[in-house]
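Student: please find the sequence and the predicted model below.
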Amino acid sequence: MGIRLLFCAILSVIAASAVSFADKTDAPEKDTAANSKSDDGGKKYALQYKFSPNQFVHTKVRFKTSMTTQHRDFIQKTSDDTATRRHFRVVSVNSKGIATLETTLDHVRMQVQFGDSEPTIFDSSEDISKAGPFRNVWKSIGKPRARFQFTRRGELLSVALLRGAATQRRSREQVEADAKQNFLIVLPEDPVAVGDWWHDDIKIRVFLPDNKKLQKTISLRRKYSLEKVEDSIATISLKTITLTRIGAAQIEAQLIQRTPSGTILFDIEQGQIISRESRVDKVVIGALGTPQSSMRATSFRREKLVEPGKVAQNR
């Protein structure tokens, strides 16, 4: 069962971004440039993605997680270390600048370990006979997985999950309910100066502790700030806060890896993310519903743009 859960988590990681939990519930804020601390005379920068038809963007991702659950004297630890190579292709760009991107997983290597047992290792470059519980991941390698429609700001408009010749479309409400679908970051609508910030609100569904058949919607806010610009490279910081009062520790435990904090490097001239990192280190007391229980999650995720020449060398 543990491997199956981690398998689902890896598929989510492939589609998008990884995550953590904020320390407290914050009141809604409004974007403002009043407290700008620009060190370049207040110069403003237009941050937008630049997509062109048949453009290919390759990235490599390293994602390491560790989860420790304790109830009285019983301790259970699970960890995984996943390295992936993936790319997206720009299928089309319409007259309004809305781009359709098609994502493909090129390679994955996973190491999953439960407690002190021998780790399970999966490498998609090996024969399917060695794939074990990861056969579906092996079968997805090199095949377009989904098509996403994005605005120039990186707003996700729609997702079509590819199933051979057929597709499964999701409504915008369904997309908004899944924070992991958007593998880009949302950029500001207007030009910004160093010190300015903007945000992107998302919704997460969690189960109620007293009735697992009922769910509650939690609103999260991903807050971005332009820290500096050097040689057309914008450094953007990210933190995530909760806008909904959590209440129960069991709900907090469900969100323990859902809100990232980190740093993004964005090439203004190319209109592309060239790297981003995020970390999680969160403890929830009472995660299993008793004061004697706790859960700790740590994770580190690094994503880097790969030049086409290096992609060819890796194959």
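Tutor: Structure's in. What do you need? Residues are numbered from 1 along each chain as shown.
Student: thought residue 268 was touching residue 49?
Tutor: No: the criterion here is CB atoms under 8 Å, and residue 268 misses it with residue 49 at 10.6 Å. Heads up, the C-betas are built off the backbone N, CA and C, glycines and all.
Student: comparing these two, which shows the higher neighbour count?
Tutor: residue 49 (22 against 16; other CB atoms under 10 Å).
Student: grab the nearest non-local neighbour of the more buried one.
Tutor: Once flanking residues are discounted, residue 49 sits nearest to residue 271: 4.9 Å by CB to CB, 6 or more residues apart in numbering.
Student: residue 48 is in contact with the one you found, correct?
Tutor: Yes: contact criterion CB under 8 Å: residue 271 and residue 48 qualify, at 5.9 Å.
Student: got the contact list for stretch 259-270?
Tutor: Residues outside stretch 259-270 that contact it (CB atoms under 8 Å, 6 or more residues apart in numbering) are 17-22, 45-47, 50, 185, 187, 220, 222, 224, 227, 229, 232-242, 272-280, 301.
Student: how far away is the residue nearest to residue 49 from residue 188?
Tutor: Residue 271 sits 14 Å away from residue 188, taking CB to CB, to the nearest Å as the criterion.
Student: quick one: which of those two has more around it?
Tutor: Using other CB under 10 Å as the criterion, residue 271 and residue 188 rank with residue 188 on top: 22 against 16.
Student: ok, so what distance separates the more buried one from residue 196?
Tutor: Going from residue 188 to residue 196 by CB to CB gives 7 Å.
Student: where does residue 250 land in three-state SS?
Tutor: helix (DSSP: H, G, I helix; E, B strand; the rest coil).
Student: chain neighbours aside, what residue packs nearest to it?
Tutor: Using CB to CB, 6+ apart, the closest residue to residue 250 is residue 209 (3.8 Å).
Student: and that neighbour, how many neighbours does it have?
Tutor: By other CB under 10 Å, neighbour count at residue 209 equals 17.
Student: so where's the stretch 201-315 of the chain uncertain?
Tutor: Confidence mapping of the stretch 201-315 of the chain against pLDDT under 70 gives the ranges 308-315.
Student: again, 80 this time
Tutor: Applying pLDDT under 80 to the stretch 201-315 of the chain picks out residues 212, 259, 308-315.
Student: can you get me a residue count around the nearest residue to residue 200 once chain neighbours are set aside?
Tutor: Sequence neighbours aside, residue 186 is the residue nearest to residue 200 in space, at 4.0 Å (criterion: CB to CB, 6+ apart). For residue 186, the count of nearby residues is 19 (other CB under 10 Å).
Student: who's in contact with residue 90?
Tutor: Per CB under 8 Å, 6+ apart, neighbours of residue 90: 51, 52, 53, 54, 55, 56, 57, 99, 100, 101.
Student: how far away is the residue nearest to it when sequence neighbours are not counted from residue 302?
Tutor: Nearest non-adjacent residue to residue 90, counting by CB to CB, 6+ apart: residue 55, 4.2 Å away. From residue 55 across to residue 302, the span is 23 Å (CB to CB).
Student: and residue 122, that one's in a strand?
Tutor: Yes: counting by three-state DSSP, residue 122 is found in a strand.
Student: doesn't residue 109 make contact with it?
Tutor: Yes: taking CB under 8 Å as the definition, residue 122 is a contact partner of residue 109 at 7.0 Å.
Student: comparing the two, which residue is more hemmed in?
Tutor: The neighbour count for residue 122 versus residue 109, taken as other CB under 10 Å, is higher for residue 122 (22 against 16).
Student: so the more buried one bridges to which residues?
Tutor: residue 110 (DSSP bridges).
Student: the residue nearest to residue 156 when sequence neighbours are not counted and residue 271: what is the separation?
Tutor: Excluding its sequence neighbours, the residue lying closest to residue 156 (CB to CB, 6+ apart) is residue 182, at 4.3 Å. Going from residue 182 to residue 271 by CB to CB gives 17 Å.
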